[in-house]
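Enquirer: predicted coordinates and the sequence they were generated for:
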Amino acid sequence: MAFVHLGRKSFISQRALEEVLQWAKENPDVLADTGASRSNLKRQREQAIDIRTQYGPLLQHWKLTGKKGNTIAVDYLHPAAMLWHVVATCNGFSNVLKQLVEDRRPTPDTPFTLVLYCDEVTPGNQLKRDNRRKVQAVYWSILELGPKLLSNEVSWFFLTLVRTSTIELLADGMSQLAKECCKSFYAADSDFANGIQLRFVGEVYLHICAKIQMILGDEMALKQFFEFKGASGKVPCFCCKNVVLRRYAPSDMTALVYHDDVDISKTKPHSNQSIFRFARHLQAQSTVLSKGDFKELESNIGLNYCPHGVLYDPLLEQRLLPITSLCWDPMHIYFVAGLFQNEMTLLLNALATHGIKHGELHSFVSTFKWPAIVQSSGQSGKNVFQKKMEEGGFKCSAGEALALFPVVRLFLQLLPAERRKPTQEIMSFYALCEVLDSLRLANAGALAGAVLMDKIQTHLRHFKAVFVFLVLSIGFV
């Protein structure tokens, strides 16, 4: 009965409480030595990261420029120091990376690929009006570790974690922080591009060369990273020079392409060099044009002028590949309030007009025996059809969507031919499922990019054929 009151004063999930109690049970001596107060825990954390390496201390500091010209200090974990420490102390990771280096022998001309991942994390109550606990997190890893290892969080390293409220105080916000994140891999005494020396377990010394060649995130994270206009801008695509949002399109569309045109052969893609030229043009015009004219130029180019940002640093202009490195997170595009939920909303409305209601889908989904790992985490999605769809449309988590889409596809396939209506809407959903299946293969390195692109375009053609007028009217695009 003593445990009944645990978690009542301060919220903690039952799973987290179980893990804490299990750890306390297995480590009574450690708990007795360290204590349980917040100050003791903070002191232990500081001692744990007080590590000295060949590349200096693990915990270091950037001095960033605030909006008022003041200096704002931000902590980060030095990437070269982090890698030095890990390969020197962790046998498992050391052996894996040592084998990779010996097999590939990365050089400045054939470097490993560094991956940066950016995301905003919201601890606590996500509906709180002023949540001061929101943080911007930046992680990094090495692409050559492969999809299996990269799917495990232990293969990713923290670079920095900064409160969003602090980011808002910085000149040019997240883009200034992103600049320092990128430059930390190219410091004079620890330049990954030219090669850094690592001491592996067993006193084996090897060099590793690597460059940032993939920057991963959702649309908002990438927009803040590079400060492009994004989905709501007149020029929404950072990678294309001639794509314009339909609602802002001029009467003369010569050499321009609507954002919803599926034929990518019409687009004029940016190169890594051309996007820097656009940024330099903005920089040159910032002191020449009036405020109104300059704002119009930013809108027409699709970039915000951010002199403290990523695109305006001379070192990164030589080292960074902003266009070819860019990678939109497919989980956010399709599963986190993304295309899957939007298409399900439209499909369910269409099915309802042909007599196929939520209750029928719920009964079908409820008959499935879900794998234990999905069932125990509550990610099966078996209850999403229990109630009628709300006004905001179909909603489910990313985990539920992953488990659910093959089951919905099977439901549609098992319908008698005379009930398999609306036909075009169902075909569009099938095409979407082909994309989702292919993403899993692509993630495992078992599918060529051209094949995935073909499946994406096929789905978009089906989607436009049946849903385009509905989509434009309710604002999905």
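Expert: Received it, and whenever you're ready, just let me know what you need.

Enquirer: need the per-residue pLDDT for residue 153.
Expert: Note for residue 153: predicted pLDDT of 89.

Enquirer: give me the neighbour count for it.
Expert: Burial of residue 153 is recorded as 8 neighbouring residues (other C-beta atoms under 10 Å). No exception for glycine: its C-beta is placed from N, CA and C like everyone else's.

Enquirer: just residue 81 next, same as before
Expert: 20.

Enquirer: now do residue 169
Expert: 14.

Enquirer: same question, residue 232
Expert: Count around residue 232 with other C-beta under 10 Å applied: 10.

Enquirer: for the one 5 residues further on, same thing?
Expert: Neighbour count for residue 237, taken as other C-beta under 10 Å: 21.

Enquirer: tell me how far it lies from residue 259.
Expert: Distance, residue 237 to residue 259, using C-beta to C-beta, to the nearest Å: 7 Å.

Enquirer: surely residue 169 touches residue 69?
Expert: No - assessed by C-beta atoms under 8 Å, residue 169 is found out of contact with residue 69, at 11.6 Å.

Enquirer: who touches both of the two?
Expert: Common contacts of residue 169 and residue 69 (C-beta atoms under 8 Å, 6 or more residues apart in numbering): none found.

Enquirer: ok now stretch 211-223, how far from the chain's centre?
Expert: Taking C-alpha atoms, centre = their mean, to the nearest Å, one finds stretch 211-223 lying 7 Å from the centre of the chain it belongs to.

Enquirer: stretch 409-420 too?
Expert: Worked out by C-alpha atoms, centre = their mean, stretch 409-420 lies 35 Å from the chain centre.

Enquirer: rounded mean pLDDT for it, please.
Expert: 92.

Enquirer: residue 354 and residue 103: what is the separation?
Expert: In this view, residue 354 and residue 103 are 56 Å apart by C-beta to C-beta.

Enquirer: now do residue 130, the pLDDT please.
Expert: Residue 130 is given a pLDDT of 67.

Enquirer: quick check: closest non-adjacent residue to residue 146.
Expert: Counting by C-beta to C-beta, 6 or more residues apart in numbering, residue 445 is the residue found nearest to residue 146 once chain neighbours are left out, at 7.6 Å.

Enquirer: give me the phi and psi for the one you found.
Expert: As for residue 445, its main-chain torsions (degrees, to the nearest 10) stand at phi 70, psi 20.

Enquirer: is it true that it touches residue 147?
Expert: Yes - using C-beta under 8 Å, residue 445 is in contact with residue 147, at 6.1 Å.

Enquirer: follow-up on the earlier one: give me the common contacts of residue 237 and residue 259.
Expert: residue 243.

Enquirer: spatially nearest residue to residue 240, not counting backbone neighbours?
Expert: Nearest non-adjacent residue to residue 240, counting by C-beta to C-beta, 6+ apart: residue 267, 4.7 Å away.

Enquirer: let me redo that: residue 336
Expert: With sequence-adjacent residues excluded and distances taken as C-beta to C-beta, 6+ apart, residue 336 is closest to residue 398, at 5.0 Å.

Enquirer: ok, now residue 346?
Expert: Nearest to residue 346 is residue 467, by C-beta to C-beta, 6+ apart, at 5.2 Å.
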